[in-house]
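In: Show me the folded form of this:
(chains A and B)
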Amino acid sequence: MDLQLKRGLIEICVLKLLTVNDSYGYQLIKDVSLYIPISESTLYPILKRLEASSQITVYTVEYNSRLRKYYKITDKGRDKIKEFIVEWKEIVKVFAFIEGGEHE
Amino acid sequence: MNKEIFLKKLNEAMSNFPSEEIRKAQMYYDEAISDRIEEGLTEQEAVANMGDIDAIVTELKINLPISKLIETSVKTSHQQSTNKGLWLFLIIISFPIWAPILVGFGSTAVTLYITVLALILSMFLVIGSLILVSIVAAIGGVYGLFSGNVLAFIGYAGLSSMAIGLFLMSVHPMLALAKSTFKLPPYLFMKIKQAIFK
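Out: Numbers count the residues shown, from 1 in each chain, chains lettered A, B, ... in the order given. Reported below is the predicted structural model:
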């Protein structure tokens, strides 16, 4: 899949997963990978970007005598999911055009 | 490769990065490897799961914000460049040329922006005065009604509904305009960043 498109989709997938419950890096990778194969080096910058744009917040929890970072979605992150769904309808139109063009 | 070596190598590969970024990446990959080991992978497998260090660093570099990107490239040029002194010298002696140009462009941009902001402010004042007129005229109309002055009542009622109408008509476009004006500088900033660092 196109890299930019993939990054954008993963971003929304991560947000969507966080609407269910707070989660941490490895768990997110396992959950996202059910839909899009993803590695740590892809997820890390995405989490950083989501944090920098206040779509998620981070808190640290002690687990097995080490620290684990948990991610929590903010209202801004929830808005982003809604925006995406609206935008997607436009993308589908473009897709229909592209696919139609190839068959003709 | 075990975890310790991996983190050390990552640290070396990121030596140009701001120390805060290095610290965060170390914590993140430490956690990622530990999680996999706890789930039953061997340390070697867990580290292999992280992928190639060069790929990790490239990905991180693309995603650094502009201020840190500059910091990174300055740090790099400290290490590599031999003619840094020459560049510095050129920049200093050409100061009388580029400084006024820079100041000129900068102040023009700021002035333009202030003008737009002033326009927006005046638009809000107009909206405010429309609200005020509609309220005052409504009071005048009520007064006219009770004092039996029918002409005053009709006049004031007309004025009031006119002001309300104008207010309703103008409030949406004005808010939209104000909103897009406030979004403009971050947008321009992002475009400039893309032009320079892409």
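In: Buried residues, the top helix by length along chain A. List them.
Out: Ranked by number of residues, the top helix in chain A under DSSP state H is helix A:75-103. For helix A:75-103, burial by neighbour count (16 or more other C-beta atoms under 10 Å in any protein chain shown) applies to A:G77, A:K80, A:I81, A:F84. C-beta: built from backbone N, CA, C; applies to glycine.
In: which one is the last one nearest to, not counting chain neighbours?
Out: Excluding the flanking residues, the one nearest A:F84 by C-beta to C-beta, 6 or more residues apart in numbering or on different chains is A:I12, at 4.9 Å.
In: which residues touch the one you found?
Out: Counting by C-beta atoms under 8 Å, 6 or more residues apart in numbering or on different chains, A:I12 makes contact with A:K80, A:I81, A:F84.
In: which stretch of helix or strand covers it?
Out: In the assignment (DSSP states H and E), A:I12 maps to helix A:3-20.
In: could you give the angle of the longest helix of chain A to helix A:3-20?
Out: 140 degrees (axes from the mean of the first three to the mean of the last three C-alpha atoms, to 10 degrees).
In: So which bits of chain B are right by chain A?
Out: Within chain B, the positions adjacent to chain A are B:24-25, B:27-32, B:34-36, B:38-39, B:49-52, B:55-56, B:59-60, B:62-63, B:65 by C-beta under 8 Å from any C-beta of the partner chain.
In: Let's see that with 6 Å instead.
Out: Residues of chain B lying close to chain A (C-beta under 6 Å from any C-beta of the partner chain) are B:Y28, B:E31, B:A32, B:D35, B:M50, B:G51, B:A55, B:I56, B:E59, B:N63.
In: What sits closest to the third one if chain neighbours are left out?
Out: Leaving out its chain neighbours, the residue that sits closest to B:A32 by C-beta to C-beta, 6+ apart is A:E40, at 5.0 Å.
In: and which of the residues of chain B next to chain A is nearest B:I101?
Out: For B:I101, the nearest member of those is B:N63. The distance, counting by C-beta to C-beta, is 32.8 Å.
In: show me what contacts the closest one?
Out: Shown in contact with B:N63 (C-beta atoms under 6 Å, 6 or more residues apart in numbering or on different chains): A:P45.
In: Might you list the low-confidence residue ranges for the chain?
Out: Going with chain A. Residue ranges of chain A with pLDDT under 70: A:1, A:101-104.
In: Wait, chain B was what I had in mind.
Out: For chain B, the stretches with pLDDT under 70 are B:65-83, B:197-198.
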